[in-house]
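Predicted structure and sequence below. I'll ask about it afterward.
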Amino acid sequence: MANKANKKADEVSRRDFIKTSAAVSVAAMLSGTSNLRAGGSDKIRVGVIGFGGRGSGAAIDCIKSADGVEITALGELFEDRLEMGIKRFKEKMAEEKLSPETMKFTDDTCFVGFDAYEKVIACDVDMVILAAPPHFRPAHLKAAVEAGKHVFMEKPVGVDPVGVRSVIASSQLAEQKGISVVAGTQRHHQAHYLELMKRVHSGQIGEIVAAQCYWNSGNMAPWGVRERQPSWTDMEWQCKNWFFFVWLCGDHIVEQHLHNIDAVNWAIGSHPIQAMGVGGREVRTGPEYGNIFDHFAIEYEYANGARVLSMCQQIEGCHRQVSERVVGTKGSLYTDGALGYIEGQNAYKYDGPNPNPYVQEHTDLIASIRTNKPLNEGRRVAESTMTAILGRTSAYTGRAIKWDWVMNASKLDLSPPKYEFGDLPVRPVAVPGKTKLV
Amino acid sequence: MQKKQNKKAGEVSRRDFIKTSAAVSAAAMLSGTGKIFAAGSDKMRVGVIGCGGRGSGAAVNCITSSEGVEIVAIGELFEDRLEKGINRIKERMEEDKLPADKFKVTEETCFVGFDAYQKVVALDDVDMVIIATPPHFRPMQLEAAIEAGKHVFMEKPVAVDPGGIRSIIATSEIAAQKGLSVVAGTQRQHQEHYLEILRRIHKGDIGEIVAAQCYWNMEGLWLEAAKNNLINKEKLGWSDMEYQIRNWLFMVWLSGDHIVEQHVHNIDVVNWAIGSHPIKAMGVGGREVRTGPEFGNVFDHFAIEFEYPNGARVLSMCRQTEGCIRQVSERVIGTKGSTYTDGSVGYIEGQNAFKFEGESPNPYVQEHTDLIASIRGGNALNEGRRVAESTMTAIMGRMSAYTGRALSWDWVMNASKLDLSPPKYEFGDLPMRPVAVPGKTKLV
């Protein structure tokens, strides 16, 4: 099923073509004619890298988001996951009555293995969806941007400071190249968040002095453990259970709670300057759960003096609370996935339309590509990811840690020695007060 | 060494006498004569219940605090601890150059055993008791002291479960009716920089309070003692009960866990600043590093969010883990500024910036000075309800972390049936309750 499609040199890339045609089209519109649009030239050809639940879901969202989207190439680490992803994808397409015409990948454009992403990027695609486990994001983004592809990338965008720095560098390169980079922090494309943040930024709650954000799940994990098969190497076992391994997912404060931390950074308009936190692995203790914690509570301090509580927990039978609260001198803001309001001097409740943000993020991305007004969310989501990594590092080590240190001095790199299916001992679970700060 | 002294019926109790003499003294002063004070009648005779590190320390603080204080009786659970406690008091008095005759304890006024406290409060010659046993025993010992008409200095926390808290509140109300003073070992309430900063908060210098943070994050505590206790249990054949009480800090039924036992100080300051207990708690916690059997069944870290009636949310964070960062302080945030306080400094930032630079006498002494002045002045100080509510705040946080549930104050205060008491108070078997498991531990 894997086949390498080589990009023909001197071929005009689709991205360049679309950019050109979009520019020409605007000119044409101004002059009263739109005849310049060649048949199919407004197509966006999308390659998907990482075709698990989120990758196949994002592909559907992307198809729904705009006219002319075609999924033309797929890359996955595992063949069985690829087949499962394709099956899931086709079922969902049928369910949602989406045109099978948009499904343009063939056996020749489906790839498996650690280098599948390189092969997808080498295909004739305009844009890639990066939905492999978070560890791989920096490398995948770098390859995509270097090849001139627009990017939709899932959050988080790294698992360690080295990875985050790479994402920032790639995002800067994307900016220079005029490439769009949109991240799967869908709150940034959700109408009630946008309206409320606009009000926060216009001073409706006064100066921000505190905030709280939570991802207390009340359950063990968003999805279950995949039982280890005798034939699996360490690497295969870990990658198929990526959610439970710090090097792959970054731990749940990074993988999941990032959404809420990102909303707080957005409200305050900055990343924090320091973190001090606690955390542990209290209930989810079996080896099948890899080496992540099951709860964290971090206090972040921001440059303006505001202190923020970030709390997250994934424990069966515990309370559920997934939301953000921002406290200012004139009022406070409450937001969660479904609603948002302001209490205080400028009380307000959002009652307007609220389109599906998982689709909207693609709508916005594709519109930015087509109008040649690149959206670049790379640095912002990298900083939010780093905020979560900062909190995790504080809880793991029991230390208070500064942003500047983690951003500039930390050498933490969780990468395995090599990307191949073989032995890979599990790093020990962190022990606050003993785990070294790297 | 034990001797019960029966109260003679019809005898005017020393407390009544002191109150009367104080009242008369004021009248006498107005009329220009102070002669009504009989020789020795201004003595404050103190019984100490629980003579470990804190009990003996509090006894010395009490002697230091005011003229005429005498330690006249001691109750302890263990004989060896009693002897050690007495020696510690004497050494400390010598160090501090306190007159040796202020320590008036005799063999007849020393008691050991689970009922030692009853024997101390039964003494006629005791005006006031210092209650410094492990927190579990506070409610029953306060009740006995107030029933016997004694003024009380009691250490924090004042209970380990909601049943105990309700008892403390009820007893404190009786104390108020009887005009007895009840002062608690939350010494920040008697510390000059706290008093000044809190006064400024209450007059609106930081505006309306919208958030706060408080922490007791520290390194390990009593690690060696915990190890030795476990060794001694085997070596000396201690019963479960004896072992657990000697290792009380690590047993939830005895200490309430460190969020209650220690972090209550900081939580108390936040309640004080806001002027209320919270209405809700939601927290996490765990036993991540301090996992050996010598550490009983307590957690080593907690992080709780408390929600207050005015909408303010407060982060409470505490940890006892070797090698981790130390941070013991409070920060209160208002619409016009914020306060920072810790054991030695306090300041306000914002529209009404202020830094306390005055004298701040030793608060562990000052709390006794204030207590004894209140007794002598006939203006009873009663901190019982306040410290009970702060203790309950910490208990609510602990219960939230233990169960993984968000809890309301009203439920914990009125409906919770949690009672951590052992079936009986005697040296014998006592299985340890299992360590809490969030999401599984039942809400009681």
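Thanks, I have it.

contacts and neighbour counts: CA atoms only from here.
OK.

Residue B:382 against residue B:182, yeah?
Yes. The pair residue B:382 and residue B:182 passes the contact test of Cα atoms under 8 Å, sitting 4.6 Å apart.

if I look at those two, which residues touch both of them?
When Cα atoms under 8 Å, 6 or more residues apart in numbering or on different chains defines a contact, the residues bordering residue B:382 and residue B:182 alike are B:172, B:175.

quick one: which of the two has more around it?
residue B:182 (27 against 22; other Cα atoms under 10 Å in any protein chain shown).

The more buried one and residue B:332: what is the separation?
In this structure, residue B:182 and residue B:332 are 27 Å apart, going by Cα to Cα, to the nearest Å.

which non-adjacent residue is nearest residue B:366?
Ranked by Cα to Cα, 6 or more residues apart in numbering or on different chains and with sequence neighbours excluded, the top spatial neighbour of residue B:366 is residue B:190, at 6.0 Å.

Give me the most central residue, the chain.
Let's take chain A. Chain A has residue A:155 as the residue nearest its centroid, 1.6 Å off, counting by Cα atoms, centre = their mean.

hmm, I had chain B in mind actually
Chain B, centroid-nearest residue using Cα atoms, centre = their mean: residue B:156 at 1.6 Å.

helix, strand or coil for that residue?
When classified by DSSP: H, G, I helix; E, B strand; the rest coil, residue B:156 comes out as coil.

Identify the residues contacting the nearest residue to it once chain neighbours are set aside.
Distances taken as Cα to Cα, 6+ apart place residue B:185 nearest to residue B:156, at 5.2 Å, with adjacent residues excluded. When contacts are counted by Cα under 8 Å, 6+ apart, residue B:185 touches B:153, B:154, B:155, B:156, B:364, B:367.

give me that answer again for 7 Å
Residues near residue B:185 by Cα atoms under 7 Å, 6 or more residues apart in numbering or on different chains: B:154, B:155, B:156.

picking that back up, in terms of contact, does the residue nearest to the centre of chain B touch residue B:186 like I think?
Yes. Contact status for residue B:156 versus residue B:186: in contact at 6.2 Å, counting by Cα atoms under 7 Å.

how about the helices in chain A?
Using DSSP state H, the helices of chain A run over A:14-30, A:53-65, A:79-95, A:116-122, A:137-146, A:161-177, A:191-201, A:234-240, A:246-249, A:252-255, A:258-268, A:357-370, A:378-397, A:403-404.

and the stretch 101-250 of chain B, which of its residues are near chain A?
Residues of the stretch 101-250 of chain B found near chain A (Cα under 7 Å from any Cα of the partner chain) are residue B:211.

so where do the helices sit in the stretch 101-250 of chain B?
B:116-121, B:138-147, B:162-178, B:192-202, B:223-236, B:240-246 (DSSP state H, counting those that start in this stretch).

how many degrees apart are the third one and helix B:138-147 in direction?
Computed by axes from the mean of the first three to the mean of the last three Cα atoms, to 10 degrees, the angle separating helix B:162-178 from helix B:138-147 equals 20 degrees.

ranking the helices of the stretch 101-250 of chain B by burial, who's on top?
Greatest average neighbour count among those goes to helix B:116-121 (a mean of 26), per mean count of other Cα atoms under 10 Å in any protein chain shown.

which other residues reach that helix?
B:4, B:47, B:49, B:73-77, B:111, B:141, B:144-145, B:148.

Show me which of these are buried.
B:47, B:49, B:73, B:74, B:75, B:76, B:77, B:111, B:141, B:144, B:145, B:148 (16 or more other Cα atoms under 10 Å in any protein chain shown).

Greatest separation within the residues you listed: which pair is it?
B:77 and B:148 (20.1 Å; Cα to Cα).

coming back round to it: what's the closest of the helices of chain A to chain B?
helix A:378-397 (7.3 Å; Cα to the nearest Cα).

Give me the buried positions along that closest one.
Quick answer for helix A:378-397 (16+ other Cα under 10 Å): A:378-397.

Would you map the strands across the stretch 251-400 of chain B?
Counting by DSSP state E, counting those that start in this stretch, the stretch 251-400 of chain B has strands at residues B:280-286, B:301-307, B:313-320, B:327-334, B:337-342, B:346-350, B:354-355.

which helices and strands sit right next to the fourth one?
Spelled out, it's strand B:327-334. strand B:209-218, strand B:337-342 (3 or more Cα pairs under 7 Å, 6 or more residues apart in numbering or on different chains; DSSP states H and E).

Show me what it pairs with in its sheet, parallel or antiparallel.
Applying DSSP bridges to the sheet, strand B:327-334 is found paired with strand B:209-218 (antiparallel), strand B:337-342 (antiparallel).

report the angle between the axes of it and helix B:192-202?
20 degrees.

contacts for strand B:327-334?
Taking Cα under 7 Å, 6+ apart as the rule, strand B:327-334 contacts B:206-218, B:266, B:338-342.

and it, which residues are buried?
B:327, B:328, B:329, B:330, B:331, B:332, B:333, B:334.

The fourth one pairs with what?
Spelled out, it's residue B:330. Bridge pairing for residue B:330 - DSSP bridges - gives residue B:214, residue B:341.

tell me the pLDDT at it?
In this prediction, residue B:330 carries a pLDDT score of 98.

gap between it and residue B:336?
Residue B:330 is 17 Å from residue B:336, by Cα to Cα.

So residue B:48 belongs to a strand, correct?
Yes. With three-state DSSP as the criterion, residue B:48 is part of a strand.
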